[in-house]
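> I would like to see how this sequence folds:
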Amino acid sequence: MEVFKHNLENLFSQLGLASDSESIEHFLSEHSLSASTPLQEAAFWSLSQKQFLSEALLQDADWSEQIDLLDARLRQE
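Here you go, the predicted model:
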């Protein structure tokens, strides 16, 4: 049985973004969320990225923990 590792790097890959540590840190430094903006509604996502994030959260999928981590990191000052 193959076990897939759900981590931040693989979440970025799933979203079609560069997933090395430097690229992730750059993305996080260039993007942020206000307290009133749900992660999946951020203006910087493409339609398919928004759909993936929404569906994963709605289904409480394996990605939910990493999506929550991304959400928190985007809200840090």
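> just say helix, strand or coil for Leu17.
What DSSP: H, G, I helix; E, B strand; the rest coil gives for Leu17 is coil.
> what's the local residue count around it?
When counting by other CB atoms under 10 Å, one arrives at 13 neighbours for Leu17. C-beta coordinates here come from the backbone N, C-alpha and C atoms, glycine included.
> what helix or strand is the closest residue in space to it that isn't next to it in sequence located in?
Residue nearest to Leu17 in three dimensions, not counting chain neighbours: Phe27, with 6.5 Å by CB to CB, 6 or more residues apart in numbering. If you go by DSSP states H and E, Phe27 is part of helix 21-30.
> test my guess that the residue nearest to Leu17 contacts Gly16.
No: if you go by CB atoms under 8 Å, Phe27 and Gly16 don't touch, sitting 12.0 Å apart.
> phi, psi of the residue nearest to Glu41 when sequence neighbours are not counted?
Excluding its sequence neighbours, the residue lying closest to Glu41 (CB to CB, 6+ apart) is Lys50, at 7.1 Å. For Lys50, the backbone dihedrals (degrees, to the nearest 10) come out as phi -60, psi -40.
> ditto for Gln51
Taking degrees, to the nearest 10 as the convention, Gln51 sits at phi -60, psi -40.
> contacts only, for it.
With contact set as CB atoms under 8 Å, 6 or more residues apart in numbering, Gln51 has no partners.
> show me where the protein has its helices.
8-14, 21-30, 47-58, 64-75 (DSSP state H).
> next, format these as a markdown table and append mean pLDDT and distance to Thr37.
Below are the helices of the chain laid out as a markdown table (pLDDT from 0 to 100; distance: least, CB to CB, whole Å):
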| stretch | mean pLDDT | distance to Thr37 |
| --- | --- | --- |
| helix 8-14 | 96 | 19 |
| helix 21-30 | 97 | 15 |
| helix 47-58 | 96 | 12 |
| helix 64-75 | 96 | 9 |
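> among those, which is nearest Leu39?
The closest of the helices of the chain to Leu39 is helix 64-75. By CB to CB, the value is 4.3 Å.
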